[in-house]
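> sequence-free structure coming up:
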């Protein structure tokens, strides 16, 4: 009897998972964490160290914050670096969390962006959408863990049937990690949906809600005497190959305009590791000891920009 029950549960799980994935693809929206009132900010506001923040989406979340702090603390004993990345970060959402960011009085904010950051692809739905809430724990990075978390929420007292695999670092409080993010995959396994990718990277600066929000973010931080540095996150060659040439030109021109208008330094890592064997997928460097080159370059950027 127990064997039949186990089989039934397994089959139900497989059927439910196959149903969830098409829904996710159709209603693909940013998985934004409600961080503005998170106690994390109150906690670190009381820390005397000079605070440096790295913000951005999942590609920023893949940085090794422990390694970053080890190197930075050796060079600047009073500095501590926090990676405030969350999945599918976009400037319109990040702008809404600036109040808490500024409250902690950071010295520098490093913002990691890419083509999708300035695209309006993610401007669909709203934060109250039930499908968005269901997949708020990072489906794009870790579909297995996200689906398990969804089932745990639905099952309530029976959640132990689907234990969580995620853990959160003290210096990366809004980005859950799992073993899937640490695996370096072979080139042939770097799945890429070309049609969706082209939509995600389309640049339209004359009507870009995200660009306006990014500009507002820079202005707000600078008005509060916070230094802003922008860097572009790295992409695998398979991703770069499908980006239309015109979108590349517009994106680079937009970065140049931002640099001139606001006096911000911009570090471009877009093509830096495109053919190296360090990738989890086509737009996420694996969080792995053998892929530290990305993190090391971010460390060097921090050192160059720190007083």
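Nice, thanks for sending it over. Small disclaimer: the values here were computed from a predicted structure and weren't measured.
> Whatever helix or strand residue 82 lives in pairs with which strands?
Under the criterion DSSP states H and E, the helix or strand holding residue 82 is strand 79-83. Paired with strand 79-83 in the same sheet, following DSSP bridges, are strand 50-56 (parallel).
> So residue 98 sits against residue 222, correct?
No: if you go by CB atoms under 8 Å, residue 98 and residue 222 don't touch, sitting 11.6 Å apart. The C-beta positions use only the backbone N, C-alpha and C, and glycine is treated the same way.
> quick one, which of these two is more surrounded?
When residue 98 and residue 222 are compared on other CB atoms under 10 Å, the one with more neighbours turns out to be residue 98, at 18 against 15.
> which non-adjacent residue is nearest that one?
Distance criterion CB to CB, 6 or more residues apart in numbering; nearest residue to residue 98, sequence neighbours excluded, is residue 220 at 5.4 Å.
> quick one on the thing from earlier: next helix or strand past the strand holding residue 82?
Moving on from strand 79-83 towards the C-terminus, the next helix or strand you reach (DSSP H and E) is helix 91-95.
> which residues touch whichever helix or strand comes after that next one?
Downstream of helix 91-95, the next assigned helix or strand under DSSP H and E is helix 98-103. Contacting residues not belonging to helix 98-103 are listed as 35-38, 41, 45, 53, 55, 84, 109, 217, 220-221, 224, 226 [CB atoms under 8 Å, 6 or more residues apart in numbering].
> cutoff 10 Å now
Helix 98-103 is contacted by residues 35-38, 40-42, 44-45, 51, 53, 55, 82, 84, 94, 109, 216-217, 220-221, 223-226 when judged by CB atoms under 10 Å, 6 or more residues apart in numbering.
> Pull out the buried members of the residues you listed.
Buried residues within the contacts of helix 98-103, defined by neighbour count using 16 or more other CB atoms under 10 Å: 35, 40-41, 44, 51, 53, 55, 82, 84, 94, 109, 217, 220-221, 226.
> Show me the shaky parts of the stretch 51-200 of the chain.
Segments of the stretch 51-200 of the chain classed as low confidence (criterion: pLDDT under 70) are 122-168.
> show me where it has strands.
Taking DSSP state E, counting those that start in this stretch to define them, one finds strands in the stretch 51-200 of the chain at 79-83, 108-113, 167-169, 172-177.
> Kindly reformat those strands as JSON lines containing distance to residue 102.
Written out in JSON lines, the entries for the strands of the stretch 51-200 of the chain read as follows (distance: least, CB to CB, whole Å):
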{"stretch": "strand 79-83", "distance to residue 102": "14"}
{"stretch": "strand 108-113", "distance to residue 102": "9"}
{"stretch": "strand 167-169", "distance to residue 102": "23"}
{"stretch": "strand 172-177", "distance to residue 102": "17"}
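> Looking at those strands, spot the one closest to residue 282.
Distances from residue 282 to each of the strands of the stretch 51-200 of the chain were compared using CB to CB; the shortest belongs to strand 108-113, at 16.6 Å.
> could you give the angle of that closest one to strand 50-56?
Taking axes from the mean of the first three to the mean of the last three CA atoms, to 10 degrees, one finds that strand 108-113 is oriented at 10 degrees with respect to strand 50-56.
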